[in-house]
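Asks: what's the 3D shape of this:
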Amino acid sequence: MMMNRRQLLRNIAIGAGVGGAALAGLIAYPYILARAKKELMISGSTAVTRFIALLIAPFIEKNPLVKVSLEGGGSFVGLVTLENGGIDLAMMSRDLNFEEFNLDIHSHLIGIEGIAIVVHPKMNINNISLAQLNGIFEGVITNWDQLGGPHKKINVYSRSEGSSTRAFVEDVILRGAKFARDAKVTDNAVALSEAVAQDPDGIGYLTIKNLTNKVKAVAIDGVEISDKTLLLKLYPLCRDMFLVNKNSASEIAKDFVHYSMSEAGQEIFVKNGLTQVSR
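Replies: Take a look at the predicted model:
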């Protein structure tokens, strides 16, 4: 049964234009599955995957006869696979669009992740517009004096290819354009934060979880990043995290969705950088 559904997931992903290698390796919890009587397959957005993975161990502790399999692959692939019966829950880092919406499926907002634009604490720039940010990252705006700052070259710091945060920035800020050729690439968020903290002329991006007092988050279009501005949809650089299920979902799938929105589930998310969306 698991192998058949696994193969279906791969076939659908390939049919949607996503090669099998693009799918993250299957993660099964618990590792000893001899007593498992129920299975739950979850697939979709890589950005959401890392948060859902945090819920699996405590969920299994409450439901010891459940086997959970978690896979990436992307929001679209997850949704298509769900609709075709390959999985029980789809993970999406956006809500359903007009074409995708139908009365047979439900999306559940489980958290919000904010993306901060950071500069050196001594930089006298406190606000940047989205249009200016696009110009900076694309390499059109190259000097801080173009933004009212010092006559200094702007040093752009980015994450490496494959980072879901970089993918978000490319989609929302660059809108498909490429980062400037001289952008400095870092392997992880900690390295990016340290690089900007040590460069008075640097700028980069971090999820709200990775913000420290070593860097300064600037307002975007006059709005500062905070849980309140994220919840009110005022701060523009954020991604909503969703779990999607069919009306015909199994009880264990519905239980997992409820757990993700429960006080216990939300506490786990908040500790790992998401803004709480339910109690």
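Asks: where do the strands sit along this protein?
Replies: 27-29, 38-44, 66-73, 89-92, 105-119, 127-128, 155-159, 184-186, 202-207, 216-217, 219-220, 238-246 (DSSP state E).
Asks: Any idea which of those gets closest to Asn143?
Replies: Nearest of the strands of the chain to Asn143, taken as CB to CB: strand 155-159 at 10.9 Å. In short, each C-beta sits where N, CA and C put it, glycine included.
Asks: Which elements pack onto the closest one?
Replies: Using 3 or more CB pairs under 8 Å, 6 or more residues apart in numbering; DSSP states H and E, the elements in contact with strand 155-159 are helix 130-138, helix 164-172, strand 184-186, helix 189-197, strand 202-207.
Asks: Any regions of this protein where pLDDT drops low?
Replies: Low-confidence segments of the chain, defined by pLDDT under 70: 1-37.
Asks: Repeat the analysis, applying 80 as the threshold.
Replies: Counting by pLDDT under 80, the low-confidence segments of the chain come to 1-37, 279.
Asks: So for it, the centremost residue is which one?
Replies: Relative to the mean C-alpha position of the chain, the nearest C-alpha, by CA atoms, centre = their mean, is the one of Ala47, at 3.1 Å.
Asks: which residues does it contact?
Replies: Residues near Ala47 by CB atoms under 8 Å, 6 or more residues apart in numbering: Ser93, Glu113, Ser164, Thr165, Ala167, Phe168, Arg239, Met241.
Asks: The same query, at a cut-off of 6 Å, please.
Replies: Listed by CB atoms under 6 Å, 6 or more residues apart in numbering, the contact set of Ala47 reads Ser93, Ser164.
Asks: what does Phe242 give?
Replies: Met92, Ser107, Leu109.
Asks: what bridges to it?
Replies: Applying DSSP bridges to Phe242 yields these beta-bridge partners: Met92, Leu109.
Asks: Just want to check the distance between it and Ala191.
Replies: 30 Å (CB to CB, to the nearest Å).
Asks: What distance do you get for the closest residue in space to Ala116 that isn't next to it in sequence to Asp240?
Replies: Taking CB to CB, 6 or more residues apart in numbering, and ignoring the residues beside it in sequence, Ala116 has Ala217 as its nearest neighbour in space, at 4.1 Å. Distance check for Ala217 against Asp240: by CB to CB, it reads 20 Å.
Asks: ditto for Thr186
Replies: From Thr186 over to Asp240 (counting by CB to CB), the distance is 26 Å.
Asks: Lys38 too?
Replies: Remark: distance between Lys38 and Asp240 (CB to CB) = 28 Å.
Asks: circling back: so of the strands of the chain, which one's packed in deepest?
Replies: By mean neighbour count, with neighbours taken as mean count of other CB atoms under 10 Å, strand 89-92 ranks first of the strands of the chain at a mean of 28.
Asks: So which elements touch that strand?
Replies: For strand 89-92, the helices and strands in contact under the criterion 3 or more CB pairs under 6 Å, 6 or more residues apart in numbering; DSSP states H and E are strand 38-44, helix 75-83, strand 238-246.
Asks: Which of these sits closest to Val68?
Replies: The closest approach between Val68 and any of the helices and strands packed on strand 89-92, judged by CB to CB, belongs to strand 38-44 at 4.8 Å.
Asks: The closest one pairs with which strands, and in what direction?
Replies: Looking at strand 38-44 with DSSP bridges, what it pairs with is strand 66-73 (parallel), strand 89-92 (parallel).
Asks: Need those in a markdown table (columns: distance to Val119).
Replies: Listed next are the strands paired with strand 38-44 as a markdown table, based on distance: least, CB to CB, whole Å:
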| stretch | distance to Val119 |
| --- | --- |
| strand 66-73 | 32 |
| strand 89-92 | 31 |
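Asks: Could you take the helices and strands packed on strand 155-159 and lay them out as CSV, with extra columns for distance to Leu230?
Replies: Compiled in CSV, those are given as follows (distance: least, CB to CB, whole Å):
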stretch, distance to Leu230
helix 130-138, 16
helix 164-172, 14
strand 184-186, 24
helix 189-197, 18
strand 202-207, 12
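Asks: Which of these has the highest mean neighbour count?
Replies: The highest average neighbour count among the helices and strands packed on strand 155-159, using mean count of other CB under 10 Å, belongs to strand 202-207 at a mean of 24.
Asks: Report the inter-axis angle for that strand versus helix 189-197.
Replies: 150 degrees (axes from the mean of the first three to the mean of the last three CA atoms, to 10 degrees).
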